[in-house]
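K.L.:
could you look at this predicted model? Sequence included:
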Amino acid sequence: MSGSTDRPPVRVVLAKLGLDGHDRGLKVVARMLRDGGMEVVYLGLRQTTDTIIDAVEQEDADVVGISMLNAGHLTLGPRMVEALADAGLDVPVVIGGIVPDEDLPAMANAGVAGVLGPGATAEEVVACVRAAADARG
Amino acid sequence: MAATRGGERWATARLLSLVERGGPLADEVAERTWALLHGDATVDAISGRRANRAHVVGVTGPPGAGKSTLVAVWTTRLVERGHRPAVLAVDPSSPLTGGAILGDRVRMAEATAAGVFIRSMATRGHAGGLALAVPGMVRVLELAGFDPVVVETVGVGQVEVDVASAADTVLVVVTPGMGDAVQANKAGLLEVADLFAVNKSDRPDAAGVRRDLELMLDLSDLTGHGRRRHDTRTDGWSRPAVVSTVATTGAGVDELADATDAHLAGLAAVGTLVARREDRWRAEVRSHVDHLLLETSRGVVSGLSVGTGAPAAVARELAAGLVGGAEGDR
Ligand SMILES: Nc1nc2c(ncn2[C@@H]2O[C@H](COP(=O)(O)OP(=O)(O)O)[C@@H](O)[C@H]2O)c(=O)[nH]1
Ligand SMILES: [Mg+2]
(Lines give C-alpha, C1' and ligand atoms only; values in the text may rest on other atoms or scores of the structure.)
(Ligands and ions follow the chains in the order given, each with its own letter.)
Protein backbone atom coordinates (compact mmCIF):
# COMPACT_ATOMS: atom_id res chain seq x y z
CA MET A 1 0.00 0.00 0.00
CA SER A 2 2.23 2.74 1.27
CA GLY A 3 4.58 2.99 -1.68
CA SER A 4 5.18 6.64 -2.43
CA THR A 5 5.24 5.79 -6.12
CA ASP A 6 1.51 5.18 -6.52
CA ARG A 7 -0.26 8.51 -6.66
CA PRO A 8 -2.92 9.24 -4.10
CA PRO A 9 -6.42 9.93 -5.41
CA VAL A 10 -7.17 13.38 -6.81
CA ARG A 11 -8.98 15.45 -4.17
CA VAL A 12 -11.77 17.69 -5.42
CA VAL A 13 -13.70 20.27 -3.43
CA LEU A 14 -17.17 20.37 -4.97
CA ALA A 15 -19.61 23.17 -4.24
CA LYS A 16 -22.48 25.16 -5.57
CA LEU A 17 -21.74 28.85 -5.56
CA GLY A 18 -24.64 31.19 -5.10
CA LEU A 19 -28.14 30.96 -3.73
CA ASP A 20 -30.06 28.66 -6.02
CA GLY A 21 -32.07 25.80 -4.70
CA HIS A 22 -31.23 22.21 -5.54
CA ASP A 23 -28.16 20.04 -5.53
CA ARG A 24 -29.26 17.12 -7.68
CA GLY A 25 -26.83 17.95 -10.46
CA LEU A 26 -23.99 18.46 -8.02
CA LYS A 27 -24.62 15.07 -6.45
CA VAL A 28 -24.54 13.42 -9.86
CA VAL A 29 -21.18 15.02 -10.55
CA ALA A 30 -19.91 13.90 -7.12
CA ARG A 31 -20.77 10.31 -7.95
CA MET A 32 -19.12 10.54 -11.36
CA LEU A 33 -15.91 11.76 -9.75
CA ARG A 34 -16.03 9.13 -7.02
CA ASP A 35 -16.57 6.43 -9.62
CA GLY A 36 -13.59 7.90 -11.44
CA GLY A 37 -11.48 7.12 -8.38
CA MET A 38 -11.40 10.62 -6.91
CA GLU A 39 -12.00 11.84 -3.38
CA VAL A 40 -14.78 14.39 -3.42
CA VAL A 41 -15.02 16.82 -0.51
CA TYR A 42 -18.66 17.70 -0.92
CA LEU A 43 -19.72 21.12 0.36
CA GLY A 44 -23.17 21.26 -1.20
CA LEU A 45 -25.35 24.29 -1.68
CA ARG A 46 -25.10 27.98 -0.90
CA GLN A 47 -21.34 28.28 -0.70
CA THR A 48 -19.37 31.49 -0.99
CA THR A 49 -15.83 32.02 -2.24
CA ASP A 50 -14.81 32.28 1.44
CA THR A 51 -16.30 28.95 2.52
CA ILE A 52 -14.80 27.28 -0.54
CA ILE A 53 -11.37 28.72 0.21
CA ASP A 54 -11.50 27.46 3.81
CA ALA A 55 -12.26 23.99 2.50
CA VAL A 56 -9.63 24.04 -0.25
CA GLU A 57 -6.98 25.11 2.22
CA GLN A 58 -7.84 22.64 4.99
CA GLU A 59 -8.48 19.72 2.63
CA ASP A 60 -5.33 20.29 0.56
CA ALA A 61 -7.49 19.97 -2.54
CA ASP A 62 -6.07 19.45 -6.02
CA VAL A 63 -9.05 20.90 -7.89
CA VAL A 64 -12.08 23.06 -7.11
CA GLY A 65 -15.29 22.17 -8.91
CA ILE A 66 -18.04 24.75 -8.73
CA SER A 67 -21.44 24.78 -10.24
CA MET A 68 -23.48 27.94 -10.50
CA LEU A 69 -26.64 29.58 -11.68
CA ASN A 70 -27.08 30.42 -15.32
CA ALA A 71 -25.14 33.52 -16.31
CA GLY A 72 -23.24 33.61 -13.05
CA HIS A 73 -20.15 32.19 -14.67
CA LEU A 74 -18.75 35.40 -16.15
CA THR A 75 -18.50 37.10 -12.77
CA LEU A 76 -18.37 34.25 -10.24
CA GLY A 77 -15.92 32.04 -12.15
CA PRO A 78 -13.18 34.65 -12.44
CA ARG A 79 -13.93 35.85 -8.90
CA MET A 80 -13.31 32.33 -7.56
CA VAL A 81 -10.01 32.08 -9.45
CA GLU A 82 -8.94 35.46 -8.13
CA ALA A 83 -9.98 34.69 -4.55
CA LEU A 84 -7.92 31.48 -4.58
CA ALA A 85 -4.90 33.35 -5.92
CA ASP A 86 -5.33 36.05 -3.28
CA ALA A 87 -5.38 33.34 -0.62
CA GLY A 88 -2.11 32.00 -2.01
CA LEU A 89 -3.73 28.79 -3.19
CA ASP A 90 -2.57 27.49 -6.55
CA VAL A 91 -5.57 25.28 -7.25
CA PRO A 92 -7.33 25.03 -10.62
CA VAL A 93 -11.03 25.80 -10.95
CA VAL A 94 -13.42 23.75 -13.07
CA ILE A 95 -16.86 25.20 -13.68
CA GLY A 96 -20.09 23.37 -14.32
CA GLY A 97 -23.07 25.16 -15.78
CA ILE A 98 -24.51 26.56 -18.94
CA VAL A 99 -21.72 28.58 -20.50
CA PRO A 100 -22.30 29.81 -24.07
CA ASP A 101 -19.49 29.04 -26.50
CA GLU A 102 -18.72 32.71 -27.03
CA ASP A 103 -17.88 33.06 -23.32
CA LEU A 104 -15.33 30.24 -23.31
CA PRO A 105 -12.34 32.39 -24.31
CA ALA A 106 -13.16 34.88 -21.57
CA MET A 107 -13.29 32.06 -19.04
CA ALA A 108 -9.96 30.68 -20.19
CA ASN A 109 -8.45 34.17 -20.03
CA ALA A 110 -9.69 34.52 -16.49
CA GLY A 111 -7.78 31.38 -15.56
CA VAL A 112 -10.69 28.92 -15.38
CA ALA A 113 -9.14 25.50 -16.05
CA GLY A 114 -12.19 23.80 -17.51
CA VAL A 115 -15.86 24.24 -18.30
CA LEU A 116 -18.41 21.43 -18.25
CA GLY A 117 -21.86 21.80 -19.71
CA PRO A 118 -24.96 20.07 -18.36
CA GLY A 119 -24.69 17.36 -21.02
CA ALA A 120 -21.16 16.27 -20.11
CA THR A 121 -20.71 12.52 -19.75
CA ALA A 122 -19.07 10.89 -16.74
CA GLU A 123 -15.95 10.28 -18.83
CA GLU A 124 -15.79 13.93 -19.85
CA VAL A 125 -16.27 15.14 -16.29
CA VAL A 126 -13.55 12.87 -14.90
CA ALA A 127 -11.16 13.64 -17.77
CA CYS A 128 -11.62 17.39 -17.39
CA VAL A 129 -10.97 17.33 -13.64
CA ARG A 130 -8.03 14.99 -14.03
CA ALA A 131 -6.50 17.21 -16.72
CA ALA A 132 -6.86 20.22 -14.42
CA ALA A 133 -5.16 18.32 -11.60
CA ASP A 134 -2.36 17.10 -13.89
CA ALA A 135 -1.73 20.57 -15.31
CA ARG A 136 -1.12 21.76 -11.78
CA GLY A 137 1.55 19.06 -11.42
CA MET B 1 6.87 22.11 9.85
CA ALA B 2 7.79 25.49 11.23
CA ALA B 3 4.84 26.96 9.31
CA THR B 4 2.55 24.34 10.81
CA ARG B 5 3.74 25.20 14.30
CA GLY B 6 3.19 28.83 13.46
CA GLY B 7 -0.44 28.02 12.82
CA GLU B 8 -0.37 28.25 9.02
CA ARG B 9 -3.36 26.23 7.93
CA TRP B 10 -2.12 25.41 4.44
CA ALA B 11 1.08 24.01 5.92
CA THR B 12 -0.88 21.85 8.34
CA ALA B 13 -3.01 20.60 5.47
CA ARG B 14 0.08 19.69 3.44
CA LEU B 15 1.63 17.77 6.30
CA LEU B 16 -1.63 15.91 6.81
CA SER B 17 -1.56 14.84 3.17
CA LEU B 18 2.01 13.62 3.47
CA VAL B 19 1.30 11.55 6.55
CA GLU B 20 -1.94 10.23 5.05
CA ARG B 21 -0.14 9.05 1.96
CA GLY B 22 2.22 6.74 3.83
CA GLY B 23 5.68 5.67 2.74
CA PRO B 24 9.14 6.94 3.66
CA LEU B 25 8.27 10.65 3.52
CA ALA B 26 5.27 10.09 5.78
CA ASP B 27 7.51 8.24 8.22
CA GLU B 28 9.94 11.12 8.24
CA VAL B 29 7.23 13.72 8.86
CA ALA B 30 5.70 11.53 11.56
CA GLU B 31 9.05 11.06 13.28
CA ARG B 32 9.87 14.75 13.27
CA THR B 33 6.39 15.62 14.52
CA TRP B 34 6.92 13.19 17.37
CA ALA B 35 10.26 14.75 18.23
CA LEU B 36 8.85 18.27 18.15
CA LEU B 37 5.90 17.32 20.33
CA HIS B 38 7.92 15.43 22.86
CA GLY B 39 11.27 17.13 22.73
CA ASP B 40 10.46 20.41 24.39
CA ALA B 41 7.26 19.46 26.13
CA THR B 42 7.19 19.77 29.86
CA VAL B 43 4.99 17.38 31.73
CA ASP B 44 2.59 19.03 34.09
CA ALA B 45 3.05 16.98 37.24
CA ILE B 46 -0.52 17.38 38.35
CA SER B 47 -2.54 16.83 35.18
CA GLY B 48 -0.02 14.54 33.50
CA ARG B 49 -0.60 16.51 30.32
CA ARG B 50 2.25 17.61 28.21
CA ALA B 51 2.29 21.30 27.58
CA ASN B 52 1.52 21.00 23.92
CA ARG B 53 -0.50 17.82 23.78
CA ALA B 54 -4.15 17.92 22.91
CA HIS B 55 -7.18 16.22 24.31
CA VAL B 56 -7.86 13.56 21.67
CA VAL B 57 -11.55 12.69 21.37
CA GLY B 58 -12.84 9.84 19.21
CA VAL B 59 -16.43 10.07 18.01
CA THR B 60 -18.11 7.05 16.50
CA GLY B 61 -21.56 5.57 16.01
CA PRO B 62 -23.86 4.30 13.27
CA PRO B 63 -24.04 6.15 9.95
CA GLY B 64 -26.63 8.93 10.04
CA ALA B 65 -26.65 9.15 13.85
CA GLY B 66 -25.81 12.83 13.59
CA LYS B 67 -22.12 12.58 14.50
CA SER B 68 -20.98 15.32 12.14
CA THR B 69 -23.83 17.63 13.10
CA LEU B 70 -23.11 17.05 16.77
CA VAL B 71 -19.36 17.47 16.39
CA ALA B 72 -19.99 20.74 14.56
CA VAL B 73 -22.17 22.30 17.26
CA TRP B 74 -20.02 20.93 20.04
CA THR B 75 -16.73 22.20 18.60
CA THR B 76 -18.37 25.56 17.85
CA ARG B 77 -19.30 25.71 21.53
CA LEU B 78 -15.71 24.86 22.44
CA VAL B 79 -14.46 27.77 20.34
CA GLU B 80 -16.77 30.01 22.37
CA ARG B 81 -15.14 28.57 25.49
CA GLY B 82 -11.70 29.53 24.21
CA HIS B 83 -10.52 26.23 22.69
CA ARG B 84 -9.03 25.65 19.23
CA PRO B 85 -10.61 22.42 18.01
CA ALA B 86 -9.71 20.44 14.90
CA VAL B 87 -11.73 17.61 13.40
CA LEU B 88 -10.57 14.66 11.33
CA ALA B 89 -13.66 13.19 9.68
CA VAL B 90 -13.13 9.71 8.24
CA ASP B 91 -15.46 8.17 5.67
CA PRO B 92 -15.15 4.95 3.66
CA SER B 93 -13.63 4.81 0.20
CA SER B 94 -15.44 2.87 -2.48
CA PRO B 95 -13.81 -0.56 -2.60
CA LEU B 96 -14.48 -0.71 -6.34
CA THR B 97 -13.01 2.55 -7.58
CA GLY B 98 -10.95 3.85 -4.66
CA GLY B 99 -12.91 7.09 -4.85
CA ALA B 100 -15.00 8.57 -2.06
CA ILE B 101 -17.64 11.17 -1.36
CA LEU B 102 -16.68 12.96 1.84
CA GLY B 103 -19.81 14.81 2.94
CA ASP B 104 -19.14 15.67 6.56
CA ARG B 105 -18.39 19.34 5.86
CA VAL B 106 -21.99 19.85 4.73
CA ARG B 107 -23.05 19.60 8.38
CA MET B 108 -20.12 21.63 9.63
CA ALA B 109 -20.50 24.99 7.93
CA GLU B 110 -21.11 26.78 11.22
CA ALA B 111 -18.03 25.20 12.79
CA THR B 112 -15.87 26.19 9.82
CA ALA B 113 -17.11 29.76 10.14
CA ALA B 114 -16.22 29.68 13.84
CA GLY B 115 -12.65 28.72 12.92
CA VAL B 116 -12.69 24.97 13.56
CA PHE B 117 -10.14 23.21 11.34
CA ILE B 118 -11.85 20.36 9.53
CA ARG B 119 -10.15 17.70 7.46
CA SER B 120 -12.03 14.99 5.58
CA MET B 121 -10.30 11.70 5.05
CA ALA B 122 -11.15 8.58 3.08
CA THR B 123 -10.20 5.12 4.31
CA ARG B 124 -8.43 4.48 0.97
CA GLY B 125 -9.13 0.78 0.83
CA HIS B 126 -6.23 -0.36 2.91
CA ALA B 127 -7.72 -0.98 6.30
CA GLY B 128 -4.29 -1.24 7.93
CA GLY B 129 -3.27 2.09 6.48
CA LEU B 130 -5.95 3.96 8.41
CA ALA B 131 -4.61 2.74 11.73
CA LEU B 132 -1.12 3.81 10.66
CA ALA B 133 -2.05 7.21 9.27
CA VAL B 134 -4.60 8.59 11.74
CA PRO B 135 -2.42 8.76 14.88
CA GLY B 136 0.28 10.55 12.89
CA MET B 137 -2.29 12.98 11.50
CA VAL B 138 -3.63 13.64 14.98
CA ARG B 139 -0.11 14.58 16.08
CA VAL B 140 0.29 16.96 13.14
CA LEU B 141 -2.88 18.71 14.35
CA GLU B 142 -1.51 18.79 17.90
CA LEU B 143 1.70 20.29 16.61
CA ALA B 144 -0.35 22.99 14.90
CA GLY B 145 -1.75 23.88 18.31
CA PHE B 146 -5.24 22.43 17.98
CA ASP B 147 -6.91 21.20 21.15
CA PRO B 148 -9.03 19.16 21.25
CA VAL B 149 -8.39 16.99 18.21
CA VAL B 150 -11.57 15.15 17.31
CA VAL B 151 -11.60 12.00 15.14
CA GLU B 152 -14.98 11.06 13.68
CA THR B 153 -15.43 7.60 12.15
CA VAL B 154 -18.42 5.55 11.07
CA GLY B 155 -18.87 2.85 13.69
CA VAL B 156 -19.42 -0.09 11.41
CA GLY B 157 -16.02 -1.56 10.59
CA GLN B 158 -13.71 -2.85 13.29
CA VAL B 159 -10.87 -0.70 12.01
CA GLU B 160 -13.00 2.43 12.13
CA VAL B 161 -14.11 1.68 15.68
CA ASP B 162 -10.50 1.00 16.69
CA VAL B 163 -9.33 4.25 15.12
CA ALA B 164 -11.90 6.29 17.04
CA SER B 165 -11.10 4.33 20.19
CA ALA B 166 -7.46 5.35 20.07
CA ALA B 167 -8.33 8.49 22.03
CA ASP B 168 -8.32 9.99 25.49
CA THR B 169 -12.10 10.17 25.41
CA VAL B 170 -14.37 8.03 23.24
CA LEU B 171 -17.82 9.43 22.52
CA VAL B 172 -20.36 7.02 21.06
CA VAL B 173 -23.39 8.58 19.40
CA VAL B 174 -26.58 6.53 19.37
CA THR B 175 -30.08 7.46 18.23
CA PRO B 176 -33.62 6.26 18.38
CA GLY B 177 -34.50 4.08 15.43
CA MET B 178 -32.06 2.35 13.17
CA GLY B 179 -28.98 2.99 15.21
CA ASP B 180 -30.43 2.19 18.59
CA ALA B 181 -28.58 1.06 21.66
CA VAL B 182 -29.03 -2.64 20.99
CA GLN B 183 -27.46 -2.23 17.54
CA ALA B 184 -24.59 -0.32 19.06
CA ASN B 185 -24.08 -3.12 21.53
CA LYS B 186 -23.85 -5.64 18.72
CA ALA B 187 -21.30 -3.53 16.91
CA GLY B 188 -19.09 -3.50 19.99
CA LEU B 189 -19.57 0.23 20.41
CA LEU B 190 -20.71 -0.01 24.01
CA GLU B 191 -17.42 -1.47 25.12
CA VAL B 192 -15.32 1.37 23.81
CA ALA B 193 -17.47 4.25 25.05
CA ASP B 194 -16.40 6.65 27.77
CA LEU B 195 -19.37 8.81 27.06
CA PHE B 196 -22.66 8.44 25.22
CA ALA B 197 -24.70 10.99 23.36
CA VAL B 198 -28.28 9.94 22.74
CA ASN B 199 -28.72 12.21 19.74
CA LYS B 200 -31.99 13.01 17.97
CA SER B 201 -33.60 13.22 21.38
CA ASP B 202 -36.33 15.23 19.68
CA ARG B 203 -37.61 11.90 18.40
CA PRO B 204 -40.47 10.31 20.32
CA ASP B 205 -38.68 7.06 21.17
CA ALA B 206 -35.58 8.76 22.60
CA ALA B 207 -36.52 8.04 26.20
CA GLY B 208 -36.74 4.34 25.37
CA VAL B 209 -33.29 4.28 23.83
CA ARG B 210 -31.85 6.03 26.83
CA ARG B 211 -33.49 3.51 29.13
CA ASP B 212 -32.15 0.57 27.09
CA LEU B 213 -28.71 2.11 27.19
CA GLU B 214 -28.79 2.64 30.95
CA LEU B 215 -29.95 -0.95 31.39
CA MET B 216 -27.08 -2.27 29.33
CA LEU B 217 -24.67 -0.15 31.32
CA ASP B 218 -26.15 -1.51 34.56
CA LEU B 219 -25.45 -4.97 33.23
CA SER B 220 -21.89 -4.08 32.33
CA ASP B 221 -21.48 -2.65 35.80
CA LEU B 222 -22.51 -5.96 37.32
CA THR B 223 -20.57 -8.26 35.04
CA GLY B 224 -17.60 -6.06 34.28
CA HIS B 225 -18.21 -7.02 30.67
CA GLY B 226 -17.73 -3.55 29.30
CA ARG B 227 -14.44 -3.00 31.08
CA ARG B 228 -11.82 -1.38 28.94
CA ARG B 229 -8.46 -2.99 29.04
CA HIS B 230 -6.58 0.15 29.91
CA ASP B 231 -8.80 0.98 32.83
CA THR B 232 -7.91 -2.14 34.75
CA ARG B 233 -4.88 -0.37 36.21
CA THR B 234 -7.10 1.90 38.21
CA ASP B 235 -9.94 0.83 40.38
CA GLY B 236 -11.89 -0.49 37.46
CA TRP B 237 -14.64 0.32 35.05
CA SER B 238 -16.20 3.68 35.38
CA ARG B 239 -19.70 4.01 34.12
CA PRO B 240 -19.91 6.21 31.04
CA ALA B 241 -21.97 9.37 31.32
CA VAL B 242 -25.01 9.61 29.06
CA VAL B 243 -26.01 12.95 27.56
CA SER B 244 -29.20 13.54 25.56
CA THR B 245 -28.68 15.85 22.61
CA VAL B 246 -30.45 17.37 19.64
CA ALA B 247 -27.61 18.29 17.34
CA THR B 248 -29.84 20.19 14.95
CA THR B 249 -30.95 22.65 17.67
CA GLY B 250 -27.92 22.52 19.94
CA ALA B 251 -29.92 21.17 22.89
CA GLY B 252 -27.69 19.29 25.32
CA VAL B 253 -24.48 20.48 23.72
CA ASP B 254 -23.35 22.42 26.79
CA GLU B 255 -23.79 19.28 28.86
CA LEU B 256 -21.81 17.36 26.26
CA ALA B 257 -18.97 19.89 26.39
CA ASP B 258 -19.00 19.67 30.20
CA ALA B 259 -18.99 15.89 30.08
CA THR B 260 -16.00 15.63 27.72
CA ASP B 261 -14.04 18.09 29.86
CA ALA B 262 -15.02 16.20 32.99
CA HIS B 263 -13.91 12.91 31.47
CA LEU B 264 -10.46 14.26 30.70
CA ALA B 265 -10.17 15.81 34.14
CA GLY B 266 -11.27 12.52 35.68
CA LEU B 267 -8.65 10.55 33.74
CA ALA B 268 -5.94 12.94 34.81
CA ALA B 269 -7.07 12.89 38.43
CA VAL B 270 -6.89 9.11 38.84
CA GLY B 271 -3.68 8.89 36.80
CA THR B 272 -5.28 6.91 33.98
CA LEU B 273 -4.51 9.47 31.30
CA VAL B 274 -0.83 8.63 31.19
CA ALA B 275 -1.54 4.89 31.21
CA ARG B 276 -4.07 5.29 28.44
CA ARG B 277 -1.66 7.25 26.30
CA GLU B 278 1.05 4.68 26.91
CA ASP B 279 -1.32 1.93 25.80
CA ARG B 280 -2.14 3.94 22.72
CA TRP B 281 1.52 4.31 21.94
CA ARG B 282 2.01 0.54 22.26
CA ALA B 283 -0.98 -0.15 20.01
CA GLU B 284 0.48 2.17 17.42
CA VAL B 285 3.87 0.46 17.58
CA ARG B 286 2.04 -2.83 17.15
CA SER B 287 0.24 -1.55 14.02
CA HIS B 288 3.56 -0.56 12.53
CA VAL B 289 5.14 -3.91 13.36
CA ASP B 290 2.16 -5.70 11.79
CA HIS B 291 2.47 -3.57 8.71
CA LEU B 292 6.20 -4.12 8.33
CA LEU B 293 5.88 -7.85 8.84
CA LEU B 294 3.05 -8.05 6.35
CA GLU B 295 4.91 -6.13 3.68
CA THR B 296 8.04 -8.20 4.21
CA SER B 297 6.24 -11.53 4.29
CA ARG B 298 4.39 -10.71 1.08
CA GLY B 299 7.67 -10.09 -0.63
CA VAL B 300 9.41 -13.18 0.70
CA VAL B 301 6.51 -15.59 0.19
CA SER B 302 5.77 -14.54 -3.35
CA GLY B 303 9.19 -15.88 -4.34
CA LEU B 304 8.68 -19.34 -2.86
CA SER B 305 7.83 -22.53 -4.74
CA VAL B 306 5.61 -25.34 -3.52
CA GLY B 307 8.60 -27.66 -3.30
CA THR B 308 9.88 -25.75 -0.27
CA GLY B 309 7.80 -27.91 2.06
CA ALA B 310 4.84 -28.00 4.41
CA PRO B 311 3.33 -24.49 4.79
CA ALA B 312 3.53 -24.30 8.60
CA ALA B 313 7.11 -25.53 8.68
CA VAL B 314 8.22 -23.15 5.95
CA ALA B 315 6.47 -20.29 7.72
CA ARG B 316 8.14 -21.09 11.04
CA GLU B 317 11.54 -21.08 9.42
CA LEU B 318 10.88 -17.79 7.61
CA ALA B 319 9.38 -16.00 10.59
CA ALA B 320 12.65 -15.63 12.47
CA GLY B 321 14.36 -14.16 9.42
CA LEU B 322 11.48 -11.78 8.70
CA VAL B 323 12.06 -9.64 11.76
CA GLY B 324 15.66 -9.07 10.78
CA GLY B 325 14.54 -8.36 7.21
CA ALA B 326 12.02 -5.75 8.37
CA GLU B 327 14.68 -3.98 10.39
CA GLY B 328 17.09 -4.13 7.52
CA ASP B 329 14.59 -2.34 5.29
CA ARG B 330 14.35 0.69 7.52
N1 LIG C 1 -34.21 15.19 14.10
C2 LIG C 1 -32.89 15.26 14.23
N3 LIG C 1 -32.10 15.10 13.15
C4 LIG C 1 -30.76 15.17 13.32
C5 LIG C 1 -30.17 15.41 14.58
N6 LIG C 1 -28.83 15.40 14.43
C7 LIG C 1 -28.58 15.18 13.12
N8 LIG C 1 -29.74 15.06 12.44
C9 LIG C 1 -29.87 14.79 11.00
O10 LIG C 1 -29.40 13.50 10.73
C11 LIG C 1 -28.81 13.42 9.44
C12 LIG C 1 -27.42 12.81 9.50
O13 LIG C 1 -26.56 13.67 10.20
P14 LIG C 1 -24.99 13.56 10.12
O15 LIG C 1 -24.43 14.54 11.09
O16 LIG C 1 -24.52 13.66 8.70
O17 LIG C 1 -24.75 12.07 10.64
P18 LIG C 1 -23.41 11.17 10.69
O19 LIG C 1 -23.48 10.25 9.51
O20 LIG C 1 -23.53 10.39 11.98
O21 LIG C 1 -22.23 12.08 10.67
C22 LIG C 1 -28.83 14.85 8.90
O23 LIG C 1 -29.91 14.99 8.05
C24 LIG C 1 -29.00 15.68 10.14
O25 LIG C 1 -29.62 16.92 9.89
C26 LIG C 1 -31.05 15.58 15.72
O27 LIG C 1 -30.62 15.76 16.86
N28 LIG C 1 -32.38 15.49 15.47
MG1 LIG D 1 -20.49 12.15 9.42
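P.N.:
Nice, thanks for sending it over. Ligands and ions are numbered 1, 2, ... in the order given.

K.L.:
next, count neighbours for the closest residue to ligand 2 within the stretch 51-200 of chain B.
P.N.:
Relative to ligand 2, the nearest point of the stretch 51-200 of chain B is B:Ser68 (3.4 Å; CB to the ion). From N, CA and C alone the C-beta is placed, and that goes for glycine too. Residues within reach of B:Ser68, counting by other CB atoms under 10 Å in any protein chain shown, total 24.

K.L.:
helix or strand: which one has it?
P.N.:
Using DSSP states H and E, B:Ser68 falls within helix B:67-80.

K.L.:
check what contacts that helix and list those residues.
P.N.:
B:59-61, B:85, B:87, B:89, B:104, B:106-111, B:114-116, B:148, B:150, B:152, B:154, B:173, B:197, B:199, B:245, B:247-248, B:250, B:253-254, B:256-257, B:260 (CB atoms under 8 Å, 6 or more residues apart in numbering or on different chains).

K.L.:
which helices and strands does the biggest strand by length in chain A pack with?
P.N.:
Longest strand in chain A by number of residues (criterion: DSSP state E): strand A:39-47. Packing partners of strand A:39-47 (3 or more CB pairs under 8 Å, 6 or more residues apart in numbering or on different chains; DSSP states H and E): strand A:11-17, helix A:24-35, helix A:49-59, strand B:100-102, strand B:117-122.

K.L.:
let's see that with 7 Å instead.
P.N.:
strand A:11-17, helix A:24-35, helix A:49-59, strand B:100-102 (3 or more CB pairs under 7 Å, 6 or more residues apart in numbering or on different chains; DSSP states H and E).

K.L.:
and the third one, what's buried?
P.N.:
Applying a neighbour-count criterion of 16 or more other CB atoms under 10 Å in any protein chain shown, the buried positions in helix A:49-59 are A:Thr49, A:Thr51, A:Ile52, A:Ile53, A:Asp54, A:Ala55, A:Val56, A:Glu57, A:Gln58, A:Glu59.

K.L.:
also the last one?
P.N.:
Residues B:Ala100, B:Ile101, B:Leu102 are the ones in strand B:100-102 that count as buried (16+ other CB under 10 Å).

K.L.:
ok, those vs A:Ala83, which is closest?
P.N.:
B:Leu102 (22.2 Å; CB to CB).

K.L.:
just the pLDDT at the closest one, thanks.
P.N.:
The model reports B:Leu102 with a pLDDT of 98.

K.L.:
over to B:Thr232?
P.N.:
pLDDT, read off for B:Thr232, is 39.

K.L.:
over to B:Val87?
P.N.:
Looking at B:Val87, its pLDDT reads 98.

K.L.:
shaky segments in chain A?
P.N.:
Residue ranges of chain A with pLDDT under 70: A:1-5, A:70-71, A:137.

K.L.:
switch to 80 and redo it
P.N.:
A:1-6, A:19-21, A:69-73, A:137 (pLDDT under 80).

K.L.:
residues in it within reach of ligand 1, list them.
P.N.:
By the rule CB under 6 Å from any ligand atom, no part of chain A lies against ligand 1.

K.L.:
about what we covered before: restrict the buried residues of helix A:49-59 to contacts with chain B.
P.N.:
Near chain B, taking CB under 7 Å from any CB of the partner chain as the test, the members of those found are A:Thr51, A:Asp54, A:Ala55, A:Glu57, A:Gln58, A:Glu59.

K.L.:
tabulate those residues (CSV), appending distance to ligand 2.
P.N.:
Output for those, formatted as CSV (distance: CB to the ion, whole Å):
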residue, distance to ligand 2
A:Thr51, 18
A:Asp54, 18
A:Ala55, 15
A:Glu57, 21
A:Gln58, 16
A:Glu59, 15
